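Trainee: Build the 3D model from these lines:
(chains A and B)
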Amino acid sequence: NAGVTQTPKFRVLKTGQSMTLLCAQDMNHEYMYWYRQDPGMGLRLIHYSVGEGTTAKGEVPDGYNVSRLKKQNFLLGLESAAPSQTSVYFCASRIRPNAAEAFFGQGTRLTVV
Amino acid sequence: GIQVEQSPPDLILQEGANSTLRCNFSDSVNNLQWFHQNPWGQLINLFYIPSGTKQNGRLSATTVATERYSLLYISSSQTTDSGVYFCAVERAGGTSYGKLTFGQGTILTVHP
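Mentor: Have a look, this model is predicted:
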């Protein structure tokens, strides 16, 4: 039982390149989330999903796209990376809102040069 | 949206000392979690505590939901307790969808 796994752990991109971050969970959770953490700040929500085939915008969605084709996977895409997207990205999942804790992946450190 | 404020922003302790971290929030919540972010950047779940008191070894937490605050107690601190402590809340209401709002964190440094 691995919990929430993020791939890759580290990545360096050039401005304008694209990439996809993968989040996989093996706990059969319905809800999944992508957050970003910038220096000296708490995490902010980028996008989230309340079930397979659904996605919704969070607090800071601009420049990102997401997909949830399978229940266990939540993908975060950067179509044209910008230096402002240099950050640490965390994925989280939970079985349901209101009465259960969220579990977080180990993070992906992305640098855009 | 809901506001989450943590205090103090920074805390420096000698090993063996006790400390209290505070989290205030501006609206009703139905979920509150405390996390420890270690020096390697990993987020470790400490407590899921929307109300009441819980203890886990040297750590304990209390949430008074009616007064909109939570406290994290660390007793007999160790150097491995160093890192950033985050409080995160889910606003009460049917449209929260489990989204967490994080505070800015408390940076704890424990010296040997």
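Trainee: Can you pull the phi/psi pair for B:F35?
Mentor: phi -130, psi 150 (degrees, to the nearest 10).
Trainee: Next one: it relative to A:F10, how far apart?
Mentor: Distance, B:F35 to A:F10, using Cβ to Cβ, to the nearest Å: 21 Å. For the C-beta atoms, the positions are set from N, CA and C on the backbone; glycine is no exception.
Trainee: Same check on B:H36?
Mentor: Counting by Cβ to Cβ - B:H36 and A:F10 are separated by 22 Å.
Trainee: Those two: who's more crowded?
Mentor: Set B:H36 next to A:F10 and count neighbours by other Cβ atoms under 10 Å in any protein chain shown: B:H36 wins out with 20 against 10.
Trainee: show me what contacts that one?
Mentor: B:L43, B:I44, B:L46, B:D81, B:G83, B:V84, B:Y85, B:F86 (Cβ atoms under 8 Å, 6 or more residues apart in numbering or on different chains).
Trainee: quick one: secondary structure of the residue nearest to B:G98 when sequence neighbours are not counted?
Mentor: Using Cβ to Cβ, 6 or more residues apart in numbering or on different chains and skipping residues adjacent in sequence, the residue nearest B:G98 is A:P97, 3.2 Å away. Using DSSP: H, G, I helix; E, B strand; the rest coil, the structure places A:P97 in coil.
Trainee: Kindly report the same for B:G93.
Mentor: At B:G93 the chain is in coil, as set by three-state DSSP.
Trainee: For it, give me phi and psi.
Mentor: Main-chain dihedrals, B:G93, degrees, to the nearest 10: phi 130, psi 150.
Trainee: what ranges do the strands span in chain B?
Mentor: B:4-7, B:10-14, B:19-25, B:29-37, B:43-48, B:52-56, B:59-64, B:69-74, B:83-91, B:101-102, B:106-111 (DSSP state E).
Trainee: So for A:R68, which of the ones you listed sits nearest?
Mentor: strand B:83-91 (20.0 Å; Cβ to Cβ).
Trainee: What is the burial count for the residue nearest to B:G98?
Mentor: Counted with other Cβ under 10 Å, the neighbours of A:P97 add up to 21.
Trainee: Now for it: which residues touch it?
Mentor: Contact analysis of A:P97 by Cβ under 8 Å, 6+ apart lists A:Y31, B:N30, B:N31, B:E90, B:S96, B:Y97, B:G98, B:K99.
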